[in-house]
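**Student:** turn this into a structure:
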Amino acid sequence: MKFHLRLCRPRCGFGFAAVIGCFLVHLSLLSAAPALPEHVRQIDLIHFSHTDYGFTDHPAVCRDLQVRYLDVALDTIKATRTLPPEARFRWTAETTIAVLDWWQRATPERRQDFLEAVRQGQLEITALPFNNTPFLNAHQWQTMIHWLPEELWNQFKPQTAVQNDVNGFPRAGAKVLLDRGVRYLFTGINSDSGGPPLPRLTTFWWKQPDGRRLFVYLSLPYGDGFFFFETVEWRRGPLPRAADGTYRPPRAGDILKTDEASLRKAHERCLSRLREFEKNGYRLPVLAVSMTSMWRYDNDPPFPPLSDFVAAWNRLGLQPSLRITTVTEAMRDLEKAAGATAPEYTGEWTDWWANGTACAPREVAASRFAKRYLAAAESPVFGPLDAPTRRRMTELWQDLSLFDEHTWGSGMSVGQPYSLDAQGQWNEKARFAWRPMALAEWLLGQRARTRLANEAQGLWVANPASAPFSGWATIITSCLREETHSIADPTTGARFKLYYEPGPLWGRPSKPEDLSYEDVSATFPDRSPNRFAKFWVDNLPPHSLKHYLPSRDKTEDAPLGGAPPLVVTNEMGWPIAATWPGMSKPLFTNGFGDFLSVQVKGLAPRWVAQDIWHTQDPARKAQLQKEKLEFISAVPHNPAHMETTPHTILYTQRFNHPRLRWGTRKLELWKREPRARLTVRIHRISSFDAELLCIVNPVPCNGTLPRFSSGGMGFTPFTDQLPGTCRDYFAIDGWARFNTPEGSWLWVTRDAPLVTVDGPHPKSHISAPPPQTGRMLAIVYDNFWYTNFQGDSPGVMEFQFDLVWRPRLETDAESEALATALVTEPILVINPSQPENAAMLQRLFKP
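**Tutor:** Numbering: from 1, shown residues only. Here you go, the predicted model:
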């Protein structure tokens, strides 16, 4: 700030004393003026709406709001286009879903205005469709980066990705951004239940495994620009719905006033913030901060008077100067100022908020089934994909990606879970799991039926995975139109037994034995005999077909050779170790399949959990965890029951736990290869109290860190992470690999992609590997969050885990192919002797 003192000839009879008095007044003003920052000369203000698809309003309303906000921004841009550059309004589209929604509705004239605003630099389109959770797989990341049609992408030329609110960003995302020419990542991380990996206002180069680098800026929380100039929060609520006419967005004169007194007060506030930042080490000449409006903070419209505030500030000569700009311009300034000296970091950017996704185990499982169905439908075993099918699959991948968007429900999803708002928002969110699951399964069925319609009569088995399949294939016996006891290979004449099992039947139960303890409604029997039939498929090559003919003849499967595993059981008959020939260590160790919960004791448990989280002193945190957290392990209900076939050994055991109506675990051991499948079914009792539910999967690999995969990219926890990122738990694609001198262990989780190493570690902030690095736990349920996520998910849930040993698995790609095959079921089609009607095939079964 500069003051100009002009000594002049006295006027109106004022003498020298008056001049001296004037001088002293100016001198006092100089001495009272707040000190200017030592380093910061310019503040870049990035204005956008933080996009939540939900939270403030129903997701459908949010999508409509975001489209309308673009119209408001465009009108304001047009209205200020002829003003001096510093007075022109600028807007950044934080996410691109709204951009595409807007574009599809807009007239040709309006589209031209939009493109002109982009060309003139007043409107910027960023690279990603939404703020994401870390559960997107590799295919979804391709969907994310190609959300916009290529024609629009080429016109917008995004240079910056924005990830706001969320506490992490997968390296897989960085890779696809760099692949598309995106150079910058701007983050406005929320510190609630997490925080940034490094101090805020840090710039750094994020080096990827292939050597490329992304320039990253850890800004303040995404709406914090308002508090650079104001001390009192204007919004009320905090989350009034957009339809509520008693609340409104701020107008000119409500906030960021442009009269001189208000500007100078805002200037004092700004300088106070800057002194704080410089005291903490900020040294760059430019500082970038983002701003939302003050209606709800999230999902807020543009504030058109912002450009008036910036222009008035600069006219008054206040320093540092302000610039309303777009995010890439701000990132370029930061790179120019700090790029040569910014530190370089490597590693995965794990997310503190990943635990929220475990609030809804069934919906998560449904989304993962859908992803597997879509991957299977792409298998070349079913022939090439035509353009309409590809478009349909893209729509489903987009829906699944929206399920992995960071907003999971209403702001009152836990506080008022049965409100119509909370129920409506969750219904819409869950739709992005259930709907794609059903449609992807239908599409896969269409692909299989169309491919095999003209093949020979009989039962066809397809392996759509990239690795061989060995295991059971199961059919519902009502599909067999005559008595069938075996299937025959028409090429070799070999026969294979059908193993019949009980299952559900439409009808009235006739005796107590028709109903199992799992039959929650006791309406239809679930133990009706011979409802399922399974047969063994051995080493079916990847992306291949196998033909069988049903037969009335009875047969028994002969053992195929090879010594079975040596199994050690505990006093209740449950396996605690199994070792196959060629192995020097068992496949798993004691505790495999154990069930564990963590409960929070005290009034308002989630607030107690937050007390633990915010405690920084390690000794005090440990004391609070000891006092307030209760770890409860399940106990066996009965001795394990063992069944054996020529192919596998199956152990079944019920268990009891105070948080469950019942629990069942099954462990199936393959006889001819080192492989185990653990299936755990539970019936969780309804409760909104904060709790974790975990399933233990220990392997004999203590001292070796696992290799995880996120978004199709491998990383090693603890040693291959950005500093300050989450180590209490990890979001993974679905597998963990341990490479040891004794071989490789590959553990695969079908349904629950949140894991912890030697945990659980609730609210712990661990930084170093725990002692038992081979003790893997799947976090199958976590409702610790107090907002956004779901507070209660009761009822029956199923979780499946596969574990295999190989002499050596060298690469992540090899592990991914094997992991996918382990959880991919064969696709079955029965062809009758009659040919299919051409119209039926074309109009019904063709995707």
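**Student:** is residue 432 located within a helix, as I assumed?
**Tutor:** Yes - counting by DSSP: H, G, I helix; E, B strand; the rest coil, one finds residue 432 located in a helix.
**Student:** just the helices in the stretch 351-500 of the chain please.
**Tutor:** 361-377, 387-403, 420-452 (DSSP state H, counting those that start in this stretch).
**Student:** the stretch 101-250 of the chain now?
**Tutor:** Using DSSP H, counting those that start in this stretch, helices in the stretch 101-250 of the chain cover 108-119, 138-145, 150-156, 171-179.
**Student:** quick one: closest of the ones you listed to residue 448.
**Tutor:** Of all the helices of the stretch 101-250 of the chain, helix 138-145 sits nearest to residue 448, with 19.7 Å by CB to CB. From N, CA and C alone the C-beta is placed, and that goes for glycine too.
**Student:** can you redo the helices of the stretch 351-500 of the chain as TSV with mean neighbour count?
**Tutor:** Shown next, in TSV, are those (neighbours: other CB atoms under 10 Å):
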stretch	mean neighbour count
helix 361-377	23
helix 387-403	18
helix 420-452	20
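**Student:** thinking again about what came up before, same list, the helices of the stretch 101-250 of the chain, but as CSV with distance to residue 263 please.
**Tutor:** Shown next, in CSV, are the helices of the stretch 101-250 of the chain (distance: least, CB to CB, whole Å):
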stretch, distance to residue 263
helix 108-119, 28
helix 138-145, 42
helix 150-156, 35
helix 171-179, 39
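**Student:** between the ones you listed, which gets nearest to residue 548?
**Tutor:** Nearest to residue 548, of the helices of the stretch 101-250 of the chain and by CB to CB, is helix 138-145 at 31.7 Å.
**Student:** compare the helices of the stretch 101-250 of the chain and give me the one nearest residue 629.
**Tutor:** Taking those one by one with CB to CB, helix 171-179 is closest: 31.9 Å.
**Student:** check which helix or strand covers the closest residue to residue 461 other than its chain neighbours.
**Tutor:** The shortest distance from residue 461 to any non-neighbouring residue, by CB to CB, 6 or more residues apart in numbering, is to residue 546 (4.5 Å). Counting by DSSP states H and E, the element that carries residue 546 is strand 544-551.
**Student:** quick one: contacts of that strand?
**Tutor:** 381, 452, 455-463, 480, 482, 484-491, 495-496, 537, 540 (CB atoms under 8 Å, 6 or more residues apart in numbering).
**Student:** one more: stretch 254-269?
**Tutor:** Contacts of stretch 254-269 (CB under 8 Å, 6+ apart): 1, 34, 226, 228-231, 234, 294, 303, 305-306, 308-309, 312-313, 316, 318.
**Student:** so who does the residue nearest the centre of the chain touch?
**Tutor:** Nearest to the mean C-alpha position of the chain, by CA atoms, centre = their mean, lies residue 133 at 2.6 Å. For residue 133, the contact set (CB under 8 Å, 6+ apart) comprises 166, 351, 353-354, 356-357, 404-406, 731.
**Student:** now residue 354
**Tutor:** 133-135, 168, 726, 729-731, 754.
**Student:** then residue 753?
**Tutor:** 135, 357, 364, 368, 731-734.
**Student:** roughly how far does it sit from residue 823?
**Tutor:** 12 Å (CB to CB, to the nearest Å).
**Student:** so for the two, which residues contact both of them?
**Tutor:** residue 734.
**Student:** from the chain's centroid, how far away is stretch 81-96?
**Tutor:** 32 Å (CA atoms, centre = their mean, to the nearest Å).
**Student:** end to end, how far does that stretch reach?
**Tutor:** 23 Å (CA to CA, to the nearest Å).
**Student:** quick check: mean pLDDT across that stretch?
**Tutor:** Averaged over stretch 81-96, pLDDT sits at 97.
**Student:** list the buried residues of it.
**Tutor:** For stretch 81-96, the neighbour count (16 or more other CB atoms under 10 Å) marks 87-96 as buried.
**Student:** in TSV: those residues, plus secondary structure and distance to residue 760.
**Tutor:** Below are those laid out as TSV (DSSP: H, G, I helix; E, B strand; the rest coil; distance: CB to CB, whole Å):
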residue	secondary structure	distance to residue 760
87	helix	55
88	coil	52
89	coil	49
90	coil	46
91	strand	43
92	strand	39
93	strand	39
94	coil	34
95	coil	33
96	coil	37
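**Student:** can you list the domains in this protein?
**Tutor:** 42-344, 354-553+828-845, 566-826 (automatic domain parsing).
**Student:** count of neighbours near residue 150?
**Tutor:** 8 (other CB atoms under 10 Å).
**Student:** out of the helices of the stretch 351-500 of the chain, which is closest to residue 773?
**Tutor:** helix 361-377 (25.3 Å).
**Student:** tell me the contacts of residue 120?
**Tutor:** Contacts of residue 120 (CB under 8 Å, 6+ apart): residue 81.
**Student:** which pLDDT value belongs to it?
**Tutor:** The predicted local confidence for residue 120 is 97.
**Student:** ditto for residue 22
**Tutor:** Taking residue 22 on its own, its pLDDT is 41.
**Student:** what's the answer for the one 5 residues further on, then?
**Tutor:** With respect to pLDDT, residue 27 scores 39.
**Student:** do the same with residue 561
**Tutor:** At residue 561, the model reports a pLDDT of 79.
**Student:** over to it. Which of the three states is it?
**Tutor:** coil.
**Student:** any idea how far the closest residue to it other than its chain neighbours is from residue 645?
**Tutor:** Excluding its sequence neighbours, the residue lying closest to residue 561 (CB to CB, 6+ apart) is residue 672, at 7.3 Å. Distance of residue 672 to residue 645, computed by CB to CB: 12 Å.
**Student:** higher neighbour count, those two?
**Tutor:** Between residue 672 and residue 645, residue 672 has the larger neighbour count (other CB under 10 Å), namely 20 against 17.
**Student:** the more buried one: which element?
**Tutor:** Applying DSSP H and E, one finds residue 672 in no helix or strand.
**Student:** who's in contact with it?
**Tutor:** 470, 560-562, 564, 647.
**Student:** pick out the most distant pair among those.
**Tutor:** 470 and 564 (14.8 Å).
**Student:** the residue nearest to residue 794 when sequence neighbours are not counted: neighbour count?
**Tutor:** Distance criterion CB to CB, 6+ apart; nearest residue to residue 794, sequence neighbours excluded, is residue 686 at 3.7 Å. Counted by other CB under 10 Å, the residues lying close to residue 686 total 8.
**Student:** ok, now how distant is residue 686 from residue 417?
**Tutor:** Counting by CB to CB, the gap from residue 686 to residue 417 is 11 Å.
**Student:** overlap in contacts of those two?
**Tutor:** residue 792.
**Student:** in the stretch 251-400 of the chain, which spans are strands?
**Tutor:** For the stretch 251-400 of the chain, applying DSSP state E, counting those that start in this stretch gives strands covering 286-291, 321-325, 344-346.
**Student:** now those as TSV including mean neighbour count and mean pLDDT?
**Tutor:** Formatted as TSV, those follow (neighbours: other CB atoms under 10 Å; pLDDT from 0 to 100):
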stretch	mean neighbour count	mean pLDDT
strand 286-291	24	98
strand 321-325	21	98
strand 344-346	14	99
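**Student:** could you dump those strands to a markdown table with distance to residue 333?
**Tutor:** Shown next, in a markdown table, are the strands of the stretch 251-400 of the chain (distance: least, CB to CB, whole Å):
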| stretch | distance to residue 333 |
| --- | --- |
| strand 286-291 | 5 |
| strand 321-325 | 8 |
| strand 344-346 | 20 |
